[in-house]
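1. pasting the sequence and the predicted coordinates here, then a few questions.
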Amino acid sequence: MTNSKINVLICDNTAENGVRMASKLRESGMYVYTRKKDGAVILESICTEHPDVVVLDLTLKDTDAIVIMKEAKVRAQKMPMFIVVSEIQNTFIERQVIENGASYFLTSPFEPETLCTVIKSVAGKSFSVNGCNDTESMVTEMMHKLGVPPHVKGSRYLITAIMDAIENRDVMDCITKRLYPHVAEEHNTTSSRVQRAIRHAIDIAWQRGKWDINEPYFHLNSEYYSSRPTNAEFIALISDNLRLKIKNMER
């Protein structure tokens with residue numbers, strides 16, 4: 001990516017979906033254009049317009065995302081990052097999509113803000129999205145590595161909670177009286193809903209099995225985490241890990 005904007009191709013030119021989503025992303029400072037859901041058209045755009053990120057449905061009328069990614073590897077001078085969208089939440093399908101070149105598997109429906117966050121994460125660059133800073137980008141990437149789906153409310157609550165814990169480790173000493181209420185205030189909800197939603201998001205990540213895959217990355221004790229971590233354990237682990245990384249970057 002040679003300029004300051006992320007160049008995004010949305011493979012949907014319908015007014016109710018693609019055009020609406022593109023408009024929202026442009027408000028966040030991205031360069032976004034749409035093309036119709038046609039395999040030949042999409043491949044031509046990838047080869048000639050060189051997008052940084054491609055957002056496309058898992059299945060199209062004449063082809064599917066995996067075929068397009070394989071063709072792009074052969075034909076495109078610059079291989080973009082692919083975000084594959086599907087209404088089906090299936091671990092096997094997700095694994096197939098990722099193994100064939102996708103950077104992210106996003107379950108629909110989702111909000112434009114969620115797509116903004118995912119695009120920034122896969123693009124891997126400094127880019128301001130609705131006040132999103134580098135720390136938030138790091139947290140979002142960590143959530144992706146652990147398999148926390150971005151479309152669930154618990155994902156957004158987790159990002160806020162982890163960022164709070166990074167900024168002030170003391171909030172972990174009183175998670176129910178300090179951390180949950182602050183996250184609830186930020187998202188206009190209640191502490192109990194924040195707690196339940198975060199627990200649900202962690203449950204999904206645990207069931208997806210990516211925790212074990214990333215164990216070496218997080219330097220976890222497999223015996224200690226042989227069962228699902230609590231909300232507090234999860235938030236503390238991620239925030240401590242990222243706080244250390246930030247300190248090392250500032251040296």
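-> Ah, there it is.
2. where do the helices sit along the stretch 1-150 of the chain?
-> Secondary structure of the stretch 1-150 of the chain (DSSP state H, counting those that start in this stretch): helices at 20-27, 39-49, 65-75, 91-99, 112-123, 134-146.
3. those helices: which one's closest to Thr189?
-> Nearest to Thr189, of all the helices of the stretch 1-150 of the chain, is helix 112-123, at 15.7 Å by CB to CB. The C-beta positions use only the backbone N, C-alpha and C, and glycine is treated the same way.
4. tell me what the closest one is packed against?
-> helix 20-27, strand 53-57, strand 81-86, strand 102-107, helix 134-146 (3 or more CB pairs under 8 Å, 6 or more residues apart in numbering; DSSP states H and E).
5. can I see the domain layout of this structure?
-> Domain segmentation of the chain under automatic domain parsing yields 1-127, 133-251.
6. mean pLDDT lowest where, among those domains?
-> Among those, domain 133-251 has the lowest mean pLDDT, at a mean of 80.
7. in contact with the closest residue in space to Thr140 that isn't next to it in sequence, which residues?
-> In this structure, Thr140 finds its nearest non-sequential neighbour in Ser121, 4.8 Å apart by CB to CB, 6 or more residues apart in numbering. Ser121 is in contact with Tyr104, Ser137, Thr140, Glu141, His144, counting by CB atoms under 8 Å, 6 or more residues apart in numbering.
8. how about Thr189?
-> Thr189 neighbours (CB under 8 Å, 6+ apart): none.
9. in whichever strand or helix holds Asp203, what counts as buried?
-> Element membership for Asp203 (DSSP states H and E) is helix 191-208. Under the neighbour-count criterion of 16 or more other CB atoms under 10 Å, helix 191-208 has 191, 193-195, 197-198, 200-202, 204-206, 208 buried.
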